[in-house]
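S.K.: any chance you can model this:
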Amino acid sequence: MLSQPISVTFDIGGGREVSIETGRLARQADGAVTVRQGNCIILATVVANKEPKEGQSFFPLVVDYNEKFAAAGRIPGSFFKREGKLSDYEVLVSRLIDRALRPLFPEDYLCDVQVLITLVSSDKEVMPDALACLAASAALAVSDVPIKEIISEVRIGRVDGQFIVNPSRTELAKADLDFIIGATDKNLMMVEGEADECSEEDMVKALEIAHEAIRLQIKAQEELRAKKGVAGKRDYTKPVQNPELQQKVADFAKDKIYQISRSASAKHDRSDAIDTLKDELITSLGEEAEDDVKKLAKKYFDDLQWEVVRNMILDDRIRLDGRQLDQVRPLNMEIDILPSPHGSALFTRGETQSLTTVTLGTPLDELLVESAAVSDYTKFILHYNFPPFSTGEVKMMRAPGRREVGHGNLAMRSLKKMMPGNEYPYTVRIVSDILESNGSSSMATVCAGSLALMDAGVPFPKHVGGVAMGLITRGSDGKYAILTDILGDEDHLGDMDFKVTGTRDGICGVQMDIKIDGLAMSTMREALEQARKGRLHILDAMYECTAEARSEVKPHAPRMEKLFIDKEFIGAVIGPQGKIIQEIQRETGTTINIEEVGNYGEVSVFSPAKEGLEKAVAWIKGIVAVPEVGSVYEATVKGIKEFGAFVEFLPGKQGLLHISEISWKRLETMEGVLKEGDVVKVKLIGIDHKTGKFKLSRKILMPKPEGKRPENPA
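M.R.: Numbering: from 1, shown residues only. Model prediction:
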């Protein structure tokens with residue numbers, strides 16, 4: 001007999017109910033729940049192996065979030081008509097969940113764990129990413145997989161000055177602040193988001209409101225676990241420990257690690273010295289030492305290095321490269337370093353370097369961003385590449401991984417805050433290639449991207465810069481150290497790493513991972529203020545490099561002009577079966593894009609040459625122009641008759657230049673007077689509104705002979 005489903009329901013505010021249910025679906029998983037708000041339903045499952053793999057030395061956690069297109073009543077648009085690999089959006093949501101879940105597991109737990117979260121029903125107004133981590137945590141809570149605490153995540157948005165927990169899609173479109181926060185009942189675990197230049201205090205307030213909402217969701221999970229009657233967490237095989245060997249490693253290497261760490265040497269020199277010391281340690285164990293002993297000794301060595309470096313920073317206030325705690329590494333930056341890209345910049349901060357390019361494209365280059373609920377086009381694209389040589393390594397070149405997608409997204413959402421609106425017709429693609437990396441290449445991408453955008457002539461009003469921060473704490477005596485512009489090694493050994501981007505006026509983007517318990521908000525405020533000072537220091541250097549965007553794009557960049565025409569003229573510009581617009585593009589070497597927006601047509605004209613752009617624009621203006629009596633035009637002779645010439649004075653608009661209106665002198669014949677292709681200035685002297693015919697005069701623009709009265713006064 002099937003067991004009855006168990007559920008709990010709670011209100012997240014404004015009468016919006018969320019329910020969590022277990023016992024109905026995926027019952028063979030170690031833990032499975034569905035989370036529902038409105039018509040949005042998310043299924044989350046967790047399965048963990050009972051024993052670790054032989055020789056396992058790290059925690060193999062896999063978190064995948066995916067959206068079924070059937071959840072929104074849609075068929076995928078791909079050739080195969082089925083879901084393929086995770087989209088960038090799904091990867092980003094997976095990362096949000098992974099970063100919050102990973103610290104929950106015991107440090108000595110090394111069994112494979114797979115957490116799968118699937119959107120099975122979509123609601124147009126409910127953002128599923130705000131509920132996905134709640135579902136994942138609830139699946140763990142109702143399982144016997146060992147976790148230390150229960151967590152949850154919420155989105156916090158600010159609309160019209162009011163903070164809203166898990167805003168709807170419509171509300172989020174109007175928000176000037178959008179953060180996703182993950183936390184336990186006591187501690188923040190993860191923050192990621194963007195804002196329209198918010199203050200540090202606004203960010204802290206958003207975190208406090210989000211944490212209260214998360215506590216409510218944790219209570220609901222605890223209630224669900226109690227209802228299910230989860231007896232306890234499973235036992236697991238712990239790694240072998242050898243206190244005697246651990247002491248031997250400490251006696252041999254502790255002082256030497258300290259001396260190497262104090263040397264303030266370059267990254268590779270320091271790494272080589274540590275590797276040499278580790279080899280000496282293994283040699284000291286003797287040839288008779290078994291492989292398992294050597295492997296365990298290496299682990300104890302790594303643990304010892306982690307402890308020694310942390311204590312050195314906390315007690316001596318000395319960093320690995322000799323800097324002060326709040327000091328940014330030397331900066332060097334250049335723009336316009338590549339001749340062919342439309343914009344380029346090289347940004348170097350210490351041993352981290354980004355070569356970034358900007359390419360300007362047409363609306364035809366827009367990127368389709370597709371999820372189950374929404375398909376939309378974006379004209380702003382940023383790609384981040386991290387080749388292995390940037391860290392002096394040899395690795396297979398693969399498609400961009402989750403790290404690349406996440407770092408690129410942080411840079412993209414930060415720079416997008418200063419991009420011009422939809423009225424800017426160019427599609428803009430930024431590519432950041434990391435040439436060196438020793439700490440925060442994503443922040444180098446933000447800085448290099450801002451410089452390259454200005455070099456490309458994009459109307460980018462303010463520089464956006466970023467800095468990566470670290471935090472090291474010691475619970476025994478309450479000491480802590482906040483580090484500005486962290487190195488790669490400092491990122492690894494720290495308790496919190498957070499990246500803050502923004503302008504001189506406020507925060508545009510943030511990404512934060514917290515690995516400790518009990519982080520006080522006062523410490524958070526201090527860290528944010530130190531990050532602000534570091535960001536301002538970098539921004540000052542960026543403004544010295546280039547203070548504002550180029551007034552126009554480079555000569556080899558595509559020229560652009562946008563026209564707005566009456567809706568009724570769209571067909572006239574396109575022509576029958578596209579004949580007119582194709583002719584314009586062919587004759588002028590331009591690319592023309594027309595979109596119907598409300599009651600008008602938006603015409604974007606792109607050209608690699610200024611002359612072609614001007615010719616195409618004039619052509620289109622002529623098509624949509626309304627002829628006015630009394631206006632003067634340059635007309636082209638299209639045909640000769642015995643009674644005059646037919647001339648085109650505007651694109652698609654012809655009129656009769658009667659023989660009597662060609663010259664003040666009486667003409668008996670048209671022979672030898674004009675020929676097809678001649679260009680003459682004419683004045684529109686009349687319109688027959690019944691027939692739509694235009695009457696033109698050339699002689700009225702000529703000097704009138706004395707005593708001669710004009711026959712057709714205008």
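S.K.: could you list the buried residues of the longest helix along the chain?
M.R.: Secondary structure of the chain per DSSP state H: the longest helix is helix 200-228. Judged by neighbour count (16 or more other CB atoms under 10 Å), helix 200-228 contains these buried residues: 200, 202-203, 205-207, 209-211, 213-214, 216-218, 220-221, 223-225, 228. Where C-beta positions appear, they are placed from N, C-alpha and C, glycine not excepted.
S.K.: averaged pLDDT, that helix. What do you get?
M.R.: The average pLDDT for helix 200-228 rounds to 95.
S.K.: show the subsequent helix or strand relative to that helix.
M.R.: Going down the chain from helix 200-228, the next helix or strand is helix 243-261, by DSSP states H and E.
S.K.: from the contact counts, what lies against that following helix?
M.R.: Contacts of helix 243-261 with other secondary structure elements, assessed using 3 or more CB pairs under 8 Å, 6 or more residues apart in numbering; DSSP states H and E, are made with helix 267-284, helix 291-316.
S.K.: which of those sits closest to residue 235?
M.R.: helix 291-316 (21.9 Å; CB to CB).
S.K.: got the buried residues for that closest one?
M.R.: Across helix 291-316, burial judged by 16+ other CB under 10 Å covers 293, 296-297, 300-301, 304-305, 308-310, 312-314.
S.K.: chain center to that helix: distance?
M.R.: On the basis of CA atoms, centre = their mean, to the nearest Å, helix 291-316 is displaced by 37 Å from the centre of the chain it belongs to.
S.K.: between it and helix 243-261, how many degrees?
M.R.: With axes from the mean of the first three to the mean of the last three CA atoms, to 10 degrees applied, the angle from helix 291-316 to helix 243-261 works out at 50 degrees.
S.K.: where does the protein have its least confident helix or strand?
M.R.: strand 367-370 (a mean of 81; mean pLDDT, DSSP states H and E).
S.K.: now the end-to-end length of stretch 30-48.
M.R.: Separation of the first and last residues of stretch 30-48 by CA to CA, to the nearest Å is 7 Å.
S.K.: show me what counts as buried in it.
M.R.: Burial within stretch 30-48, assessed by neighbour count using 16+ other CB under 10 Å, is assigned to 30-37, 40-48.
S.K.: just the ones in strands from these, please.
M.R.: With strands identified by DSSP state E, the entries of these that belong to them are 31-37, 40-48.
S.K.: identify the residues contacting residue 562.
M.R.: Residues near residue 562 by CB atoms under 8 Å, 6 or more residues apart in numbering: 423, 425, 602, 603, 604, 605.
S.K.: ok, now with 7 Å
M.R.: The neighbourhood of residue 562, defined by CB atoms under 7 Å, 6 or more residues apart in numbering, consists of 425, 602, 603, 604.
S.K.: which two of those residues have the greatest separation?
M.R.: The span of these, defined through CB to CB, is set by 425 and 603 at 9.5 Å.
S.K.: neighbour count for these two, which is higher?
M.R.: Under the criterion of other CB atoms under 10 Å, the comparison of residue 425 against residue 603 puts residue 603 first, with 24 against 19.
S.K.: strand partners (parallel or antiparallel) of whatever helix or strand that one lives in?
M.R.: In the assignment (DSSP H and E), residue 603 maps to strand 600-607. Here the strand partners of strand 600-607, with direction, are listed using DSSP bridges: strand 559-566 (antiparallel), strand 591-597 (antiparallel).
S.K.: run the angle between whichever helix or strand comes after that strand and strand 559-566 for me.
M.R.: Sequence-wise, the next helix or strand beyond strand 600-607 is helix 610-624, with elements assigned using DSSP H and E. An angle of 0 degrees separates the directions of helix 610-624 and strand 559-566 when computed by the same axes, to 10 degrees.
S.K.: and helix 610-624, what does it pack onto?
M.R.: Counting contacts by 3 or more CB pairs under 7 Å, 6 or more residues apart in numbering; DSSP states H and E, helix 610-624 packs against strand 559-566, helix 570-574, helix 579-588, strand 600-607.
S.K.: what pairs with residue 361 across the strands?
M.R.: Taking DSSP bridges as the rule, residue 361 bridges to residue 427.
S.K.: same thing with residue 353?
M.R.: Bridge pairing for residue 353 (DSSP bridges) gives the partners residue 348, residue 436.
S.K.: remind me which helix or strand residue 93 belongs to.
M.R.: helix 88-101.
S.K.: what average pLDDT does that helix get?
M.R.: Averaging pLDDT along helix 88-101 gives 94.
S.K.: now stretch 267-279
M.R.: 89.
S.K.: quick check: buried residues in that stretch?
M.R.: Residues of stretch 267-279 classed as buried by neighbour count (16+ other CB under 10 Å): 267, 270, 273, 274, 277, 278.
S.K.: can you tell me which of these is closest to residue 632?
M.R.: Checking the buried residues of stretch 267-279 against residue 632 by CB to CB gives residue 267 as the nearest, at 71.8 Å.
S.K.: wait, that closest one sits on residue 438?
M.R.: Yes: between residue 267 and residue 438 a contact is recorded at 4.9 Å, counting by CB atoms under 7 Å.
S.K.: report the secondary structure state of residue 395.
M.R.: Classification of residue 395 by DSSP: H, G, I helix; E, B strand; the rest coil places it in coil.
S.K.: tally up the residues packed near the nearest residue to it once chain neighbours are set aside, please.
M.R.: Once its chain neighbours are removed from consideration, residue 395 has its nearest residue in residue 388; the separation is 3.9 Å (CB to CB, 6 or more residues apart in numbering). Residue 388 has 11 neighbours, counted by other CB under 10 Å.
S.K.: phi and psi next, for residue 388.
M.R.: phi -60, psi -30 (degrees, to the nearest 10).
S.K.: let's have the buried residues of stretch 267-279 in JSON lines, adding distance to residue 98.
M.R.: Compiled in JSON lines, those are given as follows (distance: CB to CB, whole Å):
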{"residue": "267", "distance to residue 98": "27"}
{"residue": "270", "distance to residue 98": "30"}
{"residue": "273", "distance to residue 98": "33"}
{"residue": "274", "distance to residue 98": "29"}
{"residue": "277", "distance to residue 98": "33"}
{"residue": "278", "distance to residue 98": "30"}
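S.K.: and those, which is closest to residue 402?
M.R.: Here the nearest of the buried residues of stretch 267-279 to residue 402, counting by CB to CB, is residue 267; it sits at 24.1 Å.
S.K.: how about the closest one, what does it touch?
M.R.: Shown in contact with residue 267 (CB under 7 Å, 6+ apart): 351, 438.
S.K.: so residue 65 is in which element?
M.R.: Short version, using DSSP H and E: residue 65 is in strand 61-67.
S.K.: next, the angle strand 40-48 makes with that strand.
M.R.: Put simply, strand 61-67 runs at 160 degrees to strand 40-48, going by the same axes, to 10 degrees.
S.K.: does anything pack onto strand 61-67? Which helices or strands?
M.R.: For strand 61-67, the contact count by 3+ CB pairs under 7 Å, 6+ apart identifies helix 88-101, strand 113-121 as packing neighbours.
S.K.: can you show me the CA trace of the first one as CSV?
M.R.: Provided in CSV are the C-alpha atoms of helix 88-101 (Å, rounded to 0.1, in the frame of the first residue of the first chain):
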residue,chain,number,x,y,z
ASP,A,88,23.7,28.9,-19.2
TYR,A,89,20.6,29.9,-17.1
GLU,A,90,20.3,26.4,-15.8
VAL,A,91,24.0,26.3,-15.0
LEU,A,92,23.8,29.6,-13.1
VAL,A,93,20.9,28.3,-11.0
SER,A,94,22.8,25.0,-10.4
ARG,A,95,25.8,27.1,-9.1
LEU,A,96,23.6,29.1,-6.8
ILE,A,97,22.3,25.9,-5.2
ASP,A,98,25.7,24.1,-5.1
ARG,A,99,27.4,27.0,-3.4
ALA,A,100,24.8,27.1,-0.6
LEU,A,101,24.6,23.3,-0.1
